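Asker: With the sequence up front, the predicted model follows.
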Amino acid sequence: GRAGFISSVLTLLFHIISLTRFNARHRHLLTDLMALLPHTHKESKLDTKKNGGYNLLLNDLAELHSCNVVFFLEARKRGQDLYLWLSLPPNGPTIKFHVTNIHTMGEMGTGFAGNCLKGGRGLVVFDRSFDE
């Protein structure tokens, strides 16, 4: 690539859909994350029972979609506990967060309206004072 050029980060968002685990507030958190992050690809379902663990499957899906970062939401104890896994595939590191006190952007008011620059490009204008 070009010297000094930083490629955009494509983020892969996962969650487990289960009627007893993933509730509406968790789904709102996922849509709010998609609104805040500029380049996301959402995968709707991840079957964890067929595969022994998440690691290989998440790495394969991230490679398939050319994603640099993986956000994985995992609900446990019938929706009581929500965990957010952040990973840089394929070699890590990986960090796990316990998510508490979820509030949607709509509840927070107009100050958190989302990423206003999503999909936009910067505009630079030079006037005469630049040459002086």
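Answerer: Perfect, thanks for sending it.
Asker: what pairs with residue 84 across the strands?
Answerer: residue 73, residue 97 (DSSP bridges).
Asker: Contacts only, for it.
Answerer: Residue 84 makes contact with 71, 72, 73, 74, 96, 97, 99, according to C-beta atoms under 8 Å, 6 or more residues apart in numbering. Quick note: C-beta positions are derived from backbone N, CA and C, even for glycine.
Asker: and the closest residue to the fifth one other than its chain neighbours, what is it in contact with?
Answerer: Ranked by C-beta to C-beta, 6 or more residues apart in numbering and with sequence neighbours excluded, the top spatial neighbour of residue 96 is residue 85, at 5.3 Å. Contacts here follow C-beta under 8 Å, 6+ apart; on that basis residue 85 touches 54, 70, 71, 72, 73, 74, 94, 95, 96, 97.
Asker: Distance of the residue nearest to the fourth one when sequence neighbours are not counted relative to residue 130?
Answerer: Same thing as residue 72. Closest residue to residue 72 apart from its sequence neighbours, by C-beta to C-beta, 6+ apart: residue 85 at 4.1 Å. Per C-beta to C-beta, to the nearest Å, residue 85 is found 46 Å from residue 130.
Asker: likewise residue 38?
Answerer: According to C-beta to C-beta, residue 38 and residue 130 sit 28 Å apart.
Asker: Compare those two (neighbour count), which wins?
Answerer: residue 38 (15 against 7; other C-beta atoms under 10 Å).
Asker: Correct me if wrong, but that one is in a strand.
Answerer: No. Residue 38 sits outside any strand when classified using DSSP: H, G, I helix; E, B strand; the rest coil, being coil.
Asker: residue ranges for the helices of the protein, please.
Answerer: Using DSSP state H, the helices assigned to the chain run over residues 24-36, 55-64, 105-108.
Asker: out of those, nearest to residue 89?
Answerer: Smallest distance to residue 89 across the helices of the chain (C-beta to C-beta): 4.2 Å, for helix 55-64.
Asker: which stretches of the protein have low pLDDT?
Answerer: 1-21, 43-55, 78-79, 109-123 (pLDDT under 70).
Asker: could you redo the last one with a cut-off of 90?
Answerer: 1-97, 99-132 (pLDDT under 90).
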